[in-house]
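In: Fold the following, please.
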Amino acid sequence: MKINRLQSSLSVVLFSLSSAVLAEIVLDGTLGTKGALVGPYFLIKNTMGQQIGGNLFHSFESFSVNTGERATFIGPSSVENILARVTGGNRSVINGTLRSEIPNANLYLLNPSGILFGKNARLDIAGSFHASTADYLRLGEEGRFSARYPVDSLLTVAPPQAFGFLDNPAPITIQDSLLSVHEDKTLSILGGDLQMDNSALYAPDGQVNLVSVASGGEVIPSLSNTADKLGIITLSQSPEVAFKKIDDTEIANIDTSGVNGGNVFIQGGKFFSSGGRISSQVAPSLTQTKVGSITIETQEMTLQDNTYIDTKTYGSGEGGDITITATDNLTMIGSSISVASGPETTGNAGTIQLNIGQLTLQEGSFLNSGTLGSGKGGDITIMATQGISLFGQDMSSQPSLIASSVGDSFTRISGDGGQIRITTPRLELKDRGAVQTGAFGLTSGNAGNIWLKTDHLILNNSGTIISSTVGSGSGGTIKIFSTDIEMNSGSIKSRSVGKGNAGSIRVTTETASLNDISIISTLALDAGGGNIEFNVRDHLYLFDSGITAYAKGKQPHHHGGNITIENPRLFTLDNSQLLANAKRGKGGNIDVRATQIRPLGDSVIDASSELGLNGRLFINGIDISNNIIPLSINYLAAEKFGRSRPTLVWHSEFLESNASALESQTSWLSMGCRHH
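Out: Next comes the predicted model:
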C-alpha cells in the first residue's frame, strides 16, 4: 500500500511538472502548420500563417509567453498588420516580450477567453499594438477574422475596422506591467472588464484606447460602439510598487506625452482609479502643435487616492482638452483633473468639459484650469443633470475646488484666465468648498468669469464663489441664475488686491436667504470696486449678513461699487448691512426697488466715502440721500467711517413701496432716530 501511495503521489507530481512545461505557443493548423513552437525564443514565421495583401494572419491553439521568453513575428516588409487569434479556449498570459521584426507592422492579439499581462510583460514592435478579447475582427465591410468560430472567417486585404463581441466578453488584466509603443503609434486594450494594477501604458505622441464592454456589439476605438452594455475599468495600486517614475507614485499610469502629445480614449460602464495617472503633455518646442486630448465615456467614474488626469502644454503648443461623460456619477476623493499651459507659453491651455449625472468633489479634490504664459487659460464647462457637491479638505487643509487661475507669485504673464460655466439643478458648496477664478502674482491678465445656472444654490460653512485678482488684471464677473439661494456662513465675493478693478456680481433668483454672517461682496484694495446687481422676484432675506461693495484705493478715481436690489416682493434686513463705501474715491450708489422693505434689528444701509464724495441712496426711485444726517456710530467693526455719510439706521421699521408712505418715514430717518 505504501508503494502504491508513493507511485500515485509520484504520478501526480510528474503530471504537474509535465503540465508546467507544455509549450506555451501552439499553432492550431487552421491557417497552416499545426504544432508547438520551441521556446524560450519563439520564432513565428510568416509561412506559418497566411498573408493576404498587407494582412498576415496567424492562428494559435494557445498563446502565452513566460518571464524571460520572447515571441517574435517575422515576415516581409509588405506586411502592414499582423493578426493573431487564439482559438483553444484558454486565456493568454504574457509575462515576457512580444516582438516584431516586420518594419512598422501593427500587431493585433485576439483571444476571446481572456488576456493577462503580468510582471515583465513588454512590447518590442515598431507599429501599433491592439490586445482584445473580442470574438472577431471585422475587415472592411465584408471580411471577418473570427477567433470564436474560425470556420466563419472571411479573410480579405482590408485592414481591421472594428472589434466584434458576441456576448459576455472576457476580461483583460494588466498587472505589474509596463506596456509602451513607439512615437505616433496607438496602444489599445479592448475587452470585458479591464483592470490595471501597478502598471503603466505609454504612447508618446500617439493614442491610448481603453474600451470595456459587457455585451455583444462592435467597437471602433475612439469613434463608437454598438454594445448595449459597457464593462468595468479599474486602475489601482497593488501592494508592491514595481514602477517608480515620478515621486515614487506612478502606480497605474496612462501617458501619451511627447513632442506633440497624444490622445487617450477610455470607454467603459464603470471606471475606477486609485492612485492612477492619465496624462498628455507636449514637450517644450517652438513647433505649432496641439497636445492630445483625453476622452472618457462611462456610466460611473470614481477617482481616489491622488489619481490625477491632466494635459499640459509648453512653448507655442495648444493644450489638450479633457472631456468626460459619466451618465450616472463622477466621484472624486482626494484627486484632480487639470489642464494647464506652462511658463513662457504662448499656446492656450486646453478645456475641461464634463457631462455628468452627479458630480461630487471631496477631501480636497479639484478641477483646475491654469496658465503661466501669455496663452489663455482653458474654460471649464460642467453640465450635471442631477447635482454638484463640493466639500471636505485634504491632509494639508486644501479644500475641494473648481478653479481657473492665471499666474503665480514669480512669473510675469499676460494670459487671461479661463471661464467657468456650470449648469445643474443643485449646486452645494460647503466646508470651504469653492468655485473660483483668479489672476495672481505679476500677471496683467484678467481673471476668468464665473457663470452659474442652477435651481438650488447652497453655500454652507464657508462655501464660497469667488473671483480675485492680485496683479493689474481685472477680476472676473460672477453671474448667477437660480430659483433659490440659501447661504449659511457662505459667501459670494469679488476681490482685487492689486491694481486691477474688482469684478462685478450679478444675481438673478426667485428667493435668496443669507444667514449667519453670510456675505455677498466686492472689495478693491488699490483700485475701483465692483458692482453688485441683485434681481429677486420674491423674497430677499438677510439675517446677521451683508451685501457690500467697498473700494479701499487711495486715488480719487477709486470709486466704490454700486449696489442695486431690484424687484423683490419683500426685502428683509435683520441685523444686517447694505454698504457701498470708498476710502478716497466716491462712495457707491445704493438703489433698492422693492414692494416691501422690512428692517429688523440693528440694520444699516450706507453709501459713503471716508475722504471723498458720498454715494447716493435710492429707495424705490426716490433719492433720499440729502434727507439723511451724518451718524458717527460705527456699525462695521472692520472699518471706521467718516463724518459725512448718507446712512439709514433702524431697529425695527416697515417701509411700503408707495411714495407717501416712504415720505412719512423720512422724518425719523432724517433725524437719525431708532424706532422700536
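
In: Show me the strands in the stretch 551-676 of the chain, by range?
Out: 563-566, 570-574, 577-582, 590-593, 596-609, 617-619, 622-623, 647-652, 655-656 (DSSP state E, counting those that start in this stretch).

In: So which bits of stretch 106-126 are buried?
Out: Across stretch 106-126, burial judged by 16 or more other Cβ atoms under 10 Å covers 106-118, 120-123, 125. Backbone N, C-alpha and C define where each C-beta goes, glycine included.

In: and what of stretch 306-326?
Out: 306-326.

In: Which ones among the residues you listed map onto strands?
Out: 308-313, 322-326 (DSSP state E).

In: From the residues you listed, which one has the minimum pLDDT?
Out: Ranked by pLDDT, these bottom out at residue 313, which has 78.

In: Isn't that residue up against residue 280?
Out: No: under the criterion of Cβ atoms under 8 Å, residue 313 makes no contact with residue 280, lying 9.5 Å away.

In: can you pull the contacts of residue 549?
Out: 521-522, 529-532, 560-563, 579-581, 588 (Cβ atoms under 8 Å, 6 or more residues apart in numbering).

In: which one of these sits closest to residue 415?
Out: Distance to residue 415, by Cβ to Cβ, is smallest for residue 530 among those, at 21.5 Å.

In: surely the closest one meets residue 502?
Out: Yes: using Cβ under 8 Å, residue 530 is in contact with residue 502, at 3.7 Å.

In: Can you pull the residues that touch both of these two?
Out: Common neighbours of residue 530 and residue 502 (Cβ under 8 Å, 6+ apart) are 475, 494, 496, 522, 524, 561.

In: And the buried ones among those, selectable in PyMOL?
Out: Selection command for PyMOL covering only the buried members of the shared contacts of residue 530 and residue 502, criterion 16+ other Cβ under 10 Å:
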select buried, resi 475+494+496+522+524+561
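
In: ok, so of the shared contacts of residue 530 and residue 502, who is nearest residue 174?
Out: When the shared contacts of residue 530 and residue 502 are compared against residue 174 (criterion: Cβ to Cβ), the nearest one is residue 475, at 46.6 Å.

In: Can you name the helix or strand that the closest one falls in?
Out: Using DSSP states H and E, residue 475 maps to neither a helix nor a strand.

In: ok, now which ones touch it?
Out: 439, 446-447, 467-469, 494-496, 500-503, 530.

In: mind redoing it with 7 Å?
Out: Residues in contact with residue 475 (Cβ atoms under 7 Å, 6 or more residues apart in numbering) are 447, 467-469, 494-496, 500-503, 530.

In: same check, this time on residue 587
Out: Contacts of residue 587 by Cβ under 7 Å, 6+ apart are 560, 580-581, 607-609, 613-615.

In: since we're on the nearest residue to it once chain neighbours are set aside, how many residues are nearby?
Out: Using Cβ to Cβ, 6 or more residues apart in numbering and skipping residues adjacent in sequence, the residue nearest residue 587 is residue 615, 3.5 Å away. Using other Cβ atoms under 10 Å, residue 615 has 28 neighbouring residues.

In: and if you look at residue 394?
Out: So residue 394, with other Cβ under 10 Å, has 17 neighbours.

In: Check whether it really touches residue 333, as I assumed.
Out: No: under the criterion of Cβ atoms under 7 Å, residue 394 makes no contact with residue 333, lying 9.7 Å away.

In: any residues in contact with both of the two?
Out: residue 363.

In: now stretch 544-554: mean pLDDT?
Out: pLDDT averaged over stretch 544-554 gives 86.

In: going forward, begin numbering at 2 instead of 1
Out: Sure, I'll start numbering at 2, so the last one becomes stretch 545-555.

In: Buried residues in it, which are they?
Out: 546-554.

In: what's the straight distance from one end of that stretch to the other?
Out: One end of stretch 545-555 sits 30 Å from the other (Cα to Cα, to the nearest Å).

In: That stretch: how far from the chain's middle?
Out: Average the C-alpha atoms of stretch 545-555, do the same for its chain, and the two points are 34 Å apart (Cα atoms, centre = their mean, to the nearest Å).

In: Equivalent analysis for stretch 273-282, please.
Out: Worked out by Cα atoms, centre = their mean, stretch 273-282 lies 12 Å from the chain centre.

In: Using PDB, list the CA coordinates for that stretch.
Out: C-alpha atoms of stretch 273-282 as PDB (Å, rounded to 0.1, in the frame of the first residue of the first chain):
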ATOM      1  CA  PHE A 273     -12.300  53.200 -11.000                       C
ATOM      2  CA  SER A 274      -8.900  54.600 -10.400                       C
ATOM      3  CA  SER A 275      -6.900  54.600  -7.100                       C
ATOM      4  CA  GLY A 276      -3.600  56.400  -7.300                       C
ATOM      5  CA  GLY A 277      -3.600  56.400 -11.100                       C
ATOM      6  CA  ARG A 278      -2.500  58.900 -13.700                       C
ATOM      7  CA  ILE A 279      -3.800  59.700 -17.100                       C
ATOM      8  CA  SER A 280      -1.700  62.400 -18.800                       C
ATOM      9  CA  SER A 281      -1.000  64.000 -22.200                       C
ATOM     10  CA  GLN A 282       1.700  66.700 -22.300                       C
END
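
In: quick one: contacts for the nearest residue to residue 50 once chain neighbours are set aside?
Out: Excluding the flanking residues, the one nearest residue 50 by Cβ to Cβ, 6+ apart is residue 59, at 4.0 Å. By Cβ under 7 Å, 6+ apart, the residues touching residue 59 are 32, 45, 49-50, 84-85.

In: Run through the bridge partners of residue 59.
Out: residue 85 (DSSP bridges).

In: try residue 74
Out: residue 45, residue 101.

In: Distance check, it against residue 311.
Out: Residue 74 sits 35 Å away from residue 311, going by Cβ to Cβ, to the nearest Å.

In: about what we covered before: tell me the most packed of the contacts of residue 476, by neighbour count.
Out: residue 448 (36 neighbours).

In: looking at it, it is touching residue 416, isn't it?
Out: No: counting by Cβ under 7 Å, residue 448 does not reach residue 416; the two are 11.1 Å apart.

In: So for the two, which residues contact both of them?
Out: residue 407.

In: on that earlier part again, for residue 181, state which of the contacts of residue 476 is nearest.
Out: Nearest to residue 181 among the contacts of residue 476, with distances taken as Cβ to Cβ, is residue 448, at 39.9 Å.

In: helix/strand/coil for that closest one?
Out: Secondary structure, DSSP: H, G, I helix; E, B strand; the rest coil: residue 448 is coil.

In: pLDDT score assigned to it?
Out: pLDDT, residue 448: 82.

In: same deal with residue 430?
Out: At residue 430, pLDDT is 98.

In: what pairs with it across the strands?
Out: Under the criterion used (DSSP bridges), residue 430 bridges to residue 391, residue 460.

In: okay, now it: neighbour count?
Out: There are 29 residues near residue 430, going by other Cβ under 10 Å.

In: any idea which helix or strand of this structure has the worst average confidence?
Out: Lowest by mean pLDDT, DSSP states H and E among the helices and strands of the chain is helix 660-671, with a mean of 30.
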